[in-house]
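**Student:** Need coordinates for the following:
(one chain, ligands or ions: 2)
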Amino acid sequence: MCIFIFTDRQERDEETNYNLYYFSDFERHNAEIAAFHLDRILGYRRIPPVAGRLVDVVKEIKDVTTDRKLARTFFASPVGNECFYGQCSYYCSTEHAVCGRPRDLEGSLAVMLPDLSLARRKTWRSPWRRSYSRSKLAKWETEPEYCSTVKKTPPYDKGTRLVDFIDMVILDFLMSNMDRHHYETFEKFVNNTFLLHLDNGRAFGRHSKDEPSILTPLKQCCRIRRSTWLRLRLLTLPQYRLSDVMRASLSRDPLHKVAPLLAEPHLTALDRRLKTVLGTVSRCQKEQKRNDNGEDVFYEDTASLKDVAAPSG
Ligand SMILES: Nc1ncnc2c1ncn2[C@@H]1O[C@H](COP(=O)(O)OP(=O)(O)OP(=O)(O)O)[C@@H](O)[C@H]1O
Ligand SMILES: [Mn+2]
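**Tutor:** Residues are numbered from 1 along each chain as shown. Ligands and ions are numbered 1, 2, ... in the order given. Sure thing, here's the model as predicted:
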């Protein structure tokens with residue numbers, strides 16, 4: 001079972017228009033693929049596997065679908081490419097169609113999570129959610145002490161929820177994803193579980209600009225898993241440079257032969273942003289030494305990881 005995203009709206013080396021708000025940005029199939037690889041390289045593994053595919057929209061969709069309504073949205077464009085727009089409440093009209101060249105269309109394919117009847121999921125609103133308005137600011141943007149309130153609020157007051165959230169923030173800053181308004185967990189595990197990093201289609205929109213506001217939770221909370229910090233430092237070493245590891249990893253995707261999944265400037269941006277993340281952690285360490293308030297920047301989790309990594313028998 002799988003979930004598809006199709007896009008033909010942006011070339012790989014094209015940047016999102018600077019006058020577009022993040023909530024009007026397109027969703028990109030290559031962003032979903034690249035996000036999966038990055039999440040894995042960071043050691044999180046919280047994005048279900050995503051791979052690229054070239055799909056013949058006639059042979060593999062139009063001719064085989066049992067959905068008559070979907071089939072009726074196919075048409076030939078003026079230059080003879082095969083297009084369709086599907087069914088949805090917004091943006092499902094001739095003007096918003098996706099088109100093959102002439103029938104081949106790039107898409108991303110995600111492993112489908114267990115059905116909701118088997119494994120219910122809970123949706124959580126991000127405490128650092130952006131205001132989806134052009135004029136209003138969110139609370140975290142005006143209150144420097146915002147994190148001290150969040151830290152006292154369940155589920156962020158116990159266990160690993162806060163540092164798991166920070167892990168996601170780092171992923172989002174590296175790929176410049178401003179669209180993380182919610183996240184999901186499996187309900188059965190209550191508060192004691194990992195976060196699913198779904199919906200990454202708006203990442204990798206711009207490479208020439210970083211978005212410092214995405215890092216606000218790390219800046220305000222000054223808290224990070226020790227294991228994450230160690231991994232990030234590893235990815236700055238010449239032999240494990242993040243951009244190189246990403247390039248190598250992405251080259252194994254089936255769509256690589258059509259075009260590299262991330263243009264070089266996006267890979268360069270990853271190294272630059274990684275330095276910013278580590279710089280933020282260093283600043284936290286210095287501040288905490290000065291204040292000596294007994295708290296620590298690092299959430300110590302490497303002892304438990306050693307147990308996991310230890311050879312058995
Ligand atoms: N791999 C997956 N398997 C099963 N369900 C998934 C998977 N990925 C996403 N979903 C579900 O599909 C729904 C829509 O996904 P997603 O959030 O990526 O789309 P979206 O159009 O960006 O939505 P929104 O406008 O809410 O941000 C969500 O409810 C999510 O839980
Ligand atoms: Mn979305």
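**Student:** May I have the one helix or strand Arg40 maps to exported as PDB, CA atoms only?
**Tutor:** If you go by DSSP states H and E, Arg40 is part of helix 29-41. Extracted in PDB, the C-alpha atoms of helix 29-41 (Å, rounded to 0.1, in the frame of the first residue of the first chain):
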ATOM      1  CA  HIS A  29       7.600  15.200  -4.400                       C
ATOM      2  CA  ASN A  30      11.400  15.500  -4.300                       C
ATOM      3  CA  ALA A  31      11.100  17.300  -1.000                       C
ATOM      4  CA  GLU A  32       9.200  14.300   0.400                       C
ATOM      5  CA  ILE A  33      11.900  12.000  -0.900                       C
ATOM      6  CA  ALA A  34      14.800  14.100   0.300                       C
ATOM      7  CA  ALA A  35      13.100  14.600   3.800                       C
ATOM      8  CA  PHE A  36      13.000  10.800   4.200                       C
ATOM      9  CA  HIS A  37      16.700  10.500   3.400                       C
ATOM     10  CA  LEU A  38      17.700  13.400   5.700                       C
ATOM     11  CA  ASP A  39      15.600  12.000   8.600                       C
ATOM     12  CA  ARG A  40      17.400   8.700   8.200                       C
ATOM     13  CA  ILE A  41      20.800  10.300   8.000                       C
END
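**Student:** For that helix, give me every contacting residue.
**Tutor:** Contacts to helix 29-41, defined as Cβ atoms under 8 Å, 6 or more residues apart in numbering, come from residues 5-7, 12, 45-52, 106-108, 110, 171, 174-175, 177, 197, 200-205, 235, 242, 245-246, 249-250, 253, 255, 261-262, 266, 270. From N, CA and C alone the C-beta is placed, and that goes for glycine too.
**Student:** For it, which residues meet the burial criterion?
**Tutor:** His29, Asn30, Ala31, Glu32, Ile33, Ala34, Ala35, Phe36, His37, Leu38, Asp39, Ile41 (16 or more other Cβ atoms under 10 Å).
**Student:** Just to be sure, Val245 is in a strand?
**Tutor:** No - applying DSSP: H, G, I helix; E, B strand; the rest coil, one finds Val245 to be helix, outside a strand.
**Student:** any idea how far Thr66 lies from Met168?
**Tutor:** Distance of Thr66 to Met168, computed by Cβ to Cβ, to the nearest Å: 38 Å.
**Student:** Now stretch 232-248: buried residues?
**Tutor:** Buried, per 16+ other Cβ under 10 Å, within stretch 232-248: Leu232, Leu235, Arg241, Leu242, Ser243, Val245, Met246, Arg247.
**Student:** For the second one, which residues are in contact?
**Tutor:** Spelled out, it's Leu235. Listed by Cβ under 8 Å, 6+ apart, the contact partners of Leu235 are Ile41, Leu42, Arg241, Leu242, Val245, Leu274.
**Student:** model confidence over the helix holding Arg40, on average?
**Tutor:** Throughout helix 29-41, pLDDT has a mean value of 97.
**Student:** Parallel or antiparallel, which strands does the helix or strand following that helix pair with?
**Tutor:** Next in sequence after helix 29-41, counting helices and strands by DSSP H and E, comes strand 50-56. Strand 50-56 pairs in its sheet with strand 104-111 (antiparallel), by DSSP bridges.
**Student:** Restricting to C-alpha, output the strand it pairs with in PDB.
**Tutor:** What follows is strand 104-111, C-alpha atoms only, in PDB (Å, rounded to 0.1, in the frame of the first residue of the first chain):
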ATOM      1  CA  ASP A 104       5.600  10.300 -17.800                       C
ATOM      2  CA  LEU A 105       5.100  12.100 -14.500                       C
ATOM      3  CA  GLU A 106       7.400  12.200 -11.600                       C
ATOM      4  CA  GLY A 107       5.900  11.200  -8.200                       C
ATOM      5  CA  SER A 108       6.800  10.200  -4.700                       C
ATOM      6  CA  LEU A 109       5.600   7.000  -3.200                       C
ATOM      7  CA  ALA A 110       5.400   6.600   0.600                       C
ATOM      8  CA  VAL A 111       5.000   3.400   2.500                       C
END
